[in-house]
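**Q** Okay, sequence plus prediction incoming.
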Amino acid sequence: MITEPIKLKADIFLIPPKKYHTGPKRKLIASGELRPLTKPNLDNLIKGIKDGCNKIIWHDDSQIVDMTVRKFYSEQPRAEVTIEW
C-alpha cells in the first residue's frame, strides 16, 4: 500500500449522447474537441475512483497532493488512471 504523497491523473470517458452520432460530431469527439459539459461532474466521477482506492492502493486519499482529472466522450466508457508516488 502506498504511504507517500501521490500524484493522480485520470481521464474519464463517457458514452456520447445519441444526438452526437453524426459524422461531423464523431470527428470532433475523436479529436477531443467535443467534450462533455453535462452531469456527472468531475468531482463526482473522481470521488468514486478515490474512494475505491482507499485502503487498497493507498492508505487514504488525503495523500493526493496533485491531481489532474479530465472527461471525454468515447464509445468505450472507461477511466484511465495513472498514479505516481
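**A** It's in.

**Q** was I right about residue 28 contacting residue 16?
**A** No: with contacts defined as Cβ atoms under 8 Å, residue 28 does not count as touching residue 16, sitting 9.9 Å away. The way it works is simple: take the backbone N, C-alpha and C, and place the C-beta from them, glycine included.

**Q** which of those two has more neighbours?
**A** The residue with the greater number of neighbours, taking residue 28 and residue 16 and applying other Cβ atoms under 10 Å, is residue 16; the counts read 19 against 15.

**Q** Quickly list what's touching both of residue 28 and residue 16.
**A** Both residue 28 and residue 16 are in contact with residue 34, where contact means Cβ atoms under 8 Å, 6 or more residues apart in numbering.

**Q** if I look at the nearest residue to residue 42 once chain neighbours are set aside, how far off is residue 47?
**A** On the basis of Cβ to Cβ, 6 or more residues apart in numbering, the spatially nearest residue to residue 42 that is not a chain neighbour turns out to be residue 69, at 5.0 Å. Distance check for residue 69 against residue 47: by Cβ to Cβ, to the nearest Å, it reads 10 Å.

**Q** hang on, the residue nearest to residue 42 in a strand?
**A** Yes: when the secondary structure is assigned by DSSP: H, G, I helix; E, B strand; the rest coil, residue 69 falls within a strand.

**Q** Now for it: which residues touch it?
**A** Under the criterion of Cβ under 8 Å, 6+ apart, the neighbours of residue 69 are 8, 9, 10, 12, 42, 45, 46.

**Q** same thing but 6 Å
**A** When contacts are counted by Cβ atoms under 6 Å, 6 or more residues apart in numbering, residue 69 touches 10, 42, 46.

**Q** Of the residues you listed, which is the most crowded?
**A** Within those, residue 46 tops the neighbour count with 21 neighbours, counted by other Cβ under 10 Å.

**Q** which helix is the longest one in this protein?
**A** Using DSSP state H, we find that the single longest helix of the chain is helix 42-53.
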